[in-house]
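K.L.:
No letters, just coordinates:
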């Protein structure tokens, strides 16, 4: 029923006219990335993904959404300890093993050009940072804030845990308004439901670890894979995009859709 | 590479084990509905869609997201006039034509059991209501608030335009915290980018009017179609769901993904 074909947009931009019950989807391709600020592989994986994205010919039509995943969701806000201590206590490693692991992760980060402080980092709850990342998304600053949080957590001396004012500073450096960031941090309910919903969605998708990348809910990449894996995933997802197909009453009568637009509402004739 | 198959979740729930590079997507089916509070067909279309959803066998696995679309995006916040006046002025209708149109739309609403006041409604900017709907989504109250706004706009005597405190009351009746709703309304930047992004996405998808329904970015329904059209769209979209396919380096070496999970981070061996 051509009357329901709304693709004035695509036609005006040189696309082909709508086929029956179909029009070209011009939506952005969406990459959702589940990660945690405390996850070294997420820090590395983001850099690898972004290398692939920079060289992707359709990069301007890709929307990236960062989603929340806490590696340690049960940890209370004030419960902070050095990473090395946490590793020995929680996983029964020796101090030497824990330090060797940090050295190894630091070398991986360095290979991507990322600074990484292998001694003296803290571990704590990242829940408030995830809430702030949801606020930043509303403000169009999510990627900037996540970069700033990673850098602060992995490379800088001052801890990102246990000090809301430190997070306010980092938010401001990512382009957010300090007062608004402070208000989000002060209200434990702000964006809390959004964080939990991201975490439930990760569970529904079967993710057991991060980073976890999902393109248009069609292709997934688990872990900090090599750049070429992201390149392949982006390319395949792009090539296999399908237009949104319109479903209507099949009457073929050409009646106006019961809808409102800039030119008013269709009015049924009595 | 089975080591990357993360579908412990689906297996535990009785799903089949992952095939190579694939696992069953257990994500919710997502229905996005673009609409405007000032759109009578959106009010009617929501009721028709919800009838179809109520009888859909997988309704508990459907996530509904309401997205913003302003029919009159250029209208200033304080620019309010009666609907009948707007119709005669903007579309050159006679008063009798405008009133007959409202009567006809009112009859369509009544057929869905929805109250509709055909005389004396106001027309104005809905931008602040859309901002509030984005806040409500973060709080898990979006559907409730949209219902409350429709009811207030289409059926109640007190105008929803030009009075922030009226919107605060409606937000509270939808289960939101009054102080938080007031703060959102008082800050013109709050959720403004999210409203604009929804509108850009509607344009990218080719939507020229509302209501506009998109299921999993695969099937679309334009306008307040009959209940059976929504039933068919839900069923077809469900039947054609495909699992998210994992892409990895194809090495088949069974090496651990470079990822962190509840049991710690994979550490590369030197």
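P.N.:
Nice, I can see it. Owing to the predicted nature of the structure, the values given are computational and were not obtained by experimental measurement.
K.L.:
ranges for the strands of the stretch 151-270 of chain A?
P.N.:
Taking DSSP state E, counting those that start in this stretch to define them, one finds strands in the stretch 151-270 of chain A at A:212-215, A:219-222, A:245-246, A:260-261, A:264-265.
K.L.:
The residue positioned nearest the centre of chain A bridge partners, please.
P.N.:
By Cα atoms, centre = their mean, chain A has its centre lying nearest to residue A:66, at 1.3 Å. Beta-bridge pairing for residue A:66 (DSSP bridges): residue A:33.
K.L.:
my read: it touches residue A:33, true?
P.N.:
Yes: here residue A:66 lies in contact with residue A:33, judged by Cβ atoms under 8 Å, at a distance of 5.4 Å. The C-beta positions use only the backbone N, C-alpha and C, and glycine is treated the same way.
K.L.:
Format the strands of the stretch 151-270 of chain A as JSON lines; extra columns: mean neighbour count.
P.N.:
Below are the strands of the stretch 151-270 of chain A laid out as JSON lines (neighbours: other Cβ atoms under 10 Å in any protein chain shown):
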{"stretch": "strand A:212-215", "mean neighbour count": "26"}
{"stretch": "strand A:219-222", "mean neighbour count": "26"}
{"stretch": "strand A:245-246", "mean neighbour count": "24"}
{"stretch": "strand A:260-261", "mean neighbour count": "22"}
{"stretch": "strand A:264-265", "mean neighbour count": "20"}
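K.L.:
Could you dump those into CSV with distance to chain B added?
P.N.:
Below are these laid out as CSV (distance: least, Cβ to the nearest Cβ, whole Å):
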stretch, distance to chain B
strand A:212-215, 6
strand A:219-222, 5
strand A:245-246, 5
strand A:260-261, 3
strand A:264-265, 5
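K.L.:
Quick one: closest of these to residue B:262.
P.N.:
strand A:212-215 (13.3 Å; Cβ to Cβ).
K.L.:
overlap in contacts of residue A:66 and residue A:33?
P.N.:
Taking Cβ atoms under 8 Å, 6 or more residues apart in numbering or on different chains as the contact rule, residue A:66 and residue A:33 touch no residue in common.
K.L.:
Which parts of the stretch 51-200 of chain A are helices?
P.N.:
Taking DSSP state H, counting those that start in this stretch to define them, one finds helices in the stretch 51-200 of chain A at A:83-91, A:95-111, A:127-138, A:142-155, A:164-173, A:178-186, A:192-204.
K.L.:
Residue A:245 is in contact with residue B:222, isn't it?
P.N.:
No: Residue A:245 lies out of contact with residue B:222 (Cβ under 8 Å); the separation is 11.4 Å.
K.L.:
which residues are common contacts for these two?
P.N.:
With Cβ under 8 Å, 6+ apart, residue A:245 and residue B:222 have no common neighbours.
K.L.:
how deep is residue A:112 tucked in, by neighbour count?
P.N.:
17 (other Cβ atoms under 10 Å in any protein chain shown).
K.L.:
Got phi/psi on it?
P.N.:
Main-chain dihedrals, residue A:112, degrees, to the nearest 10: phi -100, psi 10.
K.L.:
measure the closest residue to chain B within the stretch 51-200 of chain A to residue B:108 for me?
P.N.:
Closest residue of the stretch 51-200 of chain A to chain B, Cβ to the nearest Cβ: residue A:101 (4.3 Å). Going from residue A:101 to residue B:108 by Cβ to Cβ, to the nearest Å gives 65 Å.
K.L.:
do the same with residue A:71
P.N.:
Residue A:71 is 52 Å from residue B:108, by Cβ to Cβ.
K.L.:
Which of these two has more residues huddled nearby?
P.N.:
residue A:71 (21 against 18).
K.L.:
Quick one: residues contacting the nearest residue to that one once chain neighbours are set aside.
P.N.:
Nearest non-adjacent residue to residue A:71, counting by Cβ to Cβ, 6 or more residues apart in numbering or on different chains: residue A:36, 4.9 Å away. By Cβ under 8 Å, 6+ apart, the residues touching residue A:36 are A:42, A:68, A:69, A:70, A:71, A:126, A:130, A:210, B:260.
K.L.:
Can you report how many residues neighbour the residue of the stretch 51-200 of chain A closest to chain B?
P.N.:
Around residue A:101 there are 22 residues (other Cβ under 10 Å).
K.L.:
which residues touch the residue nearest to residue A:235 when sequence neighbours are not counted?
P.N.:
Of all residues not flanking residue A:235 in the chain, residue A:56 sits nearest, at 7.6 Å (Cβ to Cβ, 6+ apart). Listed by Cβ under 8 Å, 6+ apart, the contact set of residue A:56 reads A:62, A:231, A:234, A:235, A:238.
K.L.:
Would you mind measuring from residue A:56 to residue A:86?
P.N.:
Distance from residue A:56 to residue A:86, by Cβ to Cβ: 37 Å.
K.L.:
wait, which of the contacts of residue A:36 is closest to residue B:142?
P.N.:
residue A:68 (18.8 Å).
K.L.:
I figured that closest one hits residue A:128, correct?
P.N.:
No: between residue A:68 and residue A:128 there is no contact under Cβ under 8 Å: 11.1 Å.
K.L.:
More neighbours: which of these two?
P.N.:
residue A:68 (26 against 21).
K.L.:
quick one: that one from residue B:158, how far?
P.N.:
Applying Cβ to Cβ, the value for residue A:68 to residue B:158 is 39 Å.
K.L.:
For the residue nearest to residue A:103 when sequence neighbours are not counted, give me its contacts.
P.N.:
Nearest residue to residue A:103, sequence neighbours excluded (Cβ to Cβ, 6+ apart): residue A:118, at 5.4 Å. Residues near residue A:118 by Cβ under 8 Å, 6+ apart: A:99, A:102, A:103, A:105, A:106.
K.L.:
now residue A:118: how far from residue A:90?
P.N.:
On the measure of Cβ to Cβ, residue A:118 and residue A:90 end up 18 Å apart.
K.L.:
cool, residue A:242 as well?
P.N.:
45 Å.
K.L.:
what do you get for residue A:192?
P.N.:
For residue A:192 relative to residue A:90 (Cβ to Cβ), the value is 25 Å.
K.L.:
got the contact list for residue A:102?
P.N.:
A:83, A:84, A:118, A:119, A:121.
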